[in-house]
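Participant: Pasting a predicted model and its sequence here:
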Amino acid sequence: MAWNAACGTAFAALLTIAGVAATSRPAQADTVSIACGAVGQELDVCRKLSDAWARNTGNSVNVVSTPNSTTERLALYQQLLAAGSPDIDVFEIDVIWPGILGSHFIDLAPYTKGAEKDAFPAILENNTRDGKLVAMPIYTDAGLLYYRKDLLERYGEAVPATWEALTTTARKIQDGERRAGQAGLWGIVFQAKAYEGLTCDALEWIASYGGGTVVAPDGKITIDNPRAAQALDMAAGWMKDLAPQGVLNYSEEETRGVFQSGHAVFMRNWPYAWPLSQSEGSPVKGKVGVTVLPAGPAPDGRHAAALGGWQFAVSRYSKHQALAADLVVFMTSKASARQWALQGGYFPAIPALYQDPELLAANPFFKDLLPAFTSAVARPSTATGGKYNQVSDAFWNAVSDTLTGKATAKDSLASLQARLNRLSRGGRW
């Protein structure tokens, strides 16, 4: 959804409410730096909200754009924090990073006045380390299936409830459209680049097949099992004729670009892609449907979506910790959460907002897809702690080897199990 009158009205209301965050202007203004991502309309919303806070407090905000790739962003953050750099006051962090970076952030609880109690309890638990609230949630995320509803209707196909049905439907429509002259149409696009996004995609496939979550909550390594191999074999099969070879270099935005230009039947992506697909000038405006990701085969198959979402945290190396914390409280308030949802299509981390008529009108699938968020599959960041990044790196490379045909799924997972055993010293993380 483009920035429109409804968004403008909501934003004006936000400026009024914003006064609660900081009611007095400082005698001498300071500048706070905040690192924000730029996927979809993320950076634009971040700037608008930062400007609103600055106008209400009399301070300045320096918005720093960070890499879209979560892997590259984490590496940048680790470098800055390891050096104790005061250059960034507020970091936008992935849901899996409190366990990796939490020691570098201050406890926000003394500044929130209980505002965190409005958020989903599971997210707050995720953001609490050693009794300290190291981050406040901006929005929550889960993988979703986007589909061309016009093409499904044309071919008399239902929205697929299983991966097997998706594969069959994708092939039928792709082949039919190509015979009709649409040579550039593909059955499915997803994030297959060797990075954190592939970890999310592959975790969804494996969990939906009943193959576990790579590392169980108790730390036991469970990835080398037949159901996990079946899930990866399924995805590797798409590479033969249903997905473009370029998908091996796709992250979220490349995936969206192909789908939104009208060149794919199905797409796996995050909620942010919805308003962009419906924006003015989008070739697929009015032709897109959104639903939960398909389930694996019976008897153990189920719908599974990787838990995502982003948070704001304040660096303990910041020279303006109290001011930075005030900015975070404002940026994650209920009023701001509405703005993230209205302009960017981001799912609120505050349950009460799923009853908001304006939000539901702008994003009609919010309420129907709420179960995808409340029961999403977490990546094994809690179980593996500071070693999560190494675990994820090993996982996405094993999956990449399977997708590219360098190794079979069975061999890739056996090698991965052995590598993780060495990394964990027998499961003792």
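Facilitator: On my side now, so go ahead. Owing to the predicted nature of the structure, the values given are computational and were not obtained by experimental measurement.
Participant: the strands in the stretch 151-300 of the chain, which residues?
Facilitator: 186-189, 264-269, 288-291 (DSSP state E, counting those that start in this stretch).
Participant: for the ones you listed, which one ends up most surrounded?
Facilitator: strand 264-269 (a mean of 27; mean count of other CB atoms under 10 Å). Where C-beta positions appear, they are placed from N, C-alpha and C, glycine not excepted.
Participant: hmm, who's touching that one?
Facilitator: Residues from elsewhere that reach strand 264-269 (CB atoms under 8 Å, 6 or more residues apart in numbering): 143-148, 151-152, 166, 169-170, 173-174, 185-191, 201, 204, 252, 255-256, 258-259, 273, 293.
Participant: wait, isn't residue 199 in contact with residue 394?
Facilitator: No. Applying CB atoms under 8 Å, one finds residue 199 not in contact with residue 394, separated by 9.8 Å.
Participant: buried sites along stretch 177-184?
Facilitator: For stretch 177-184, burial by neighbour count (16 or more other CB atoms under 10 Å) applies to residue 177.
Participant: Please tell me how far the residue nearest to the spatial centre of the chain sits from residue 103.
Facilitator: For the chain, residue 308 is the residue whose C-alpha lies nearest the centre (CA atoms, centre = their mean; 4.0 Å). Distance, residue 308 to residue 103, by CB to CB, to the nearest Å: 23 Å.
Participant: what's the answer for residue 375, then?
Facilitator: For residue 375 relative to residue 103 (CB to CB), the value is 30 Å.
Participant: again, but for residue 81
Facilitator: 9 Å.
Participant: Quick check on the two: which one has the bigger neighbour count.
Facilitator: Set side by side, residue 81 and residue 103 show more neighbours around residue 81, with 19 against 14, by other CB atoms under 10 Å.
Participant: what number of residues lie near residue 83?
Facilitator: Neighbours of residue 83 under the rule other CB under 10 Å: 10.
Participant: quick one, what contacts it?
Facilitator: By CB under 8 Å, 6+ apart, residue 83 has no neighbours at all.
Participant: Next step: the contacts of strand 264-269 restricted to helices.
Facilitator: In helices, defined here by DSSP state H, the members of the contacts of strand 264-269 are 151-152, 166, 169-170, 173-174, 201, 204, 252, 255-256, 258-259, 273.
Participant: so which of those residues comes closest to residue 39?
Facilitator: Within those, the smallest distance to residue 39 is 5.7 Å, found for residue 252 (CB to CB).
Participant: for the closest one, what are its contacts?
Facilitator: Contacts of residue 252 by CB under 8 Å, 6+ apart are 39, 68, 191, 197, 269, 270, 272, 273.
Participant: Model confidence for it, exactly?
Facilitator: Per-residue confidence (pLDDT) for residue 252: 96.
Participant: where's it relative to residue 193, distance?
Facilitator: 10 Å.
Participant: try residue 69
Facilitator: Taking CB to CB as the measure, residue 69 and residue 193 are separated by 8 Å.
Participant: where do the contact lists of these two overlap?
Facilitator: residue 251.
Participant: In terms of neighbours, single out the busier of these two.
Facilitator: When neighbours are counted by other CB under 10 Å, residue 193 comes out ahead of the other of residue 69 and residue 193, with 22 against 19.
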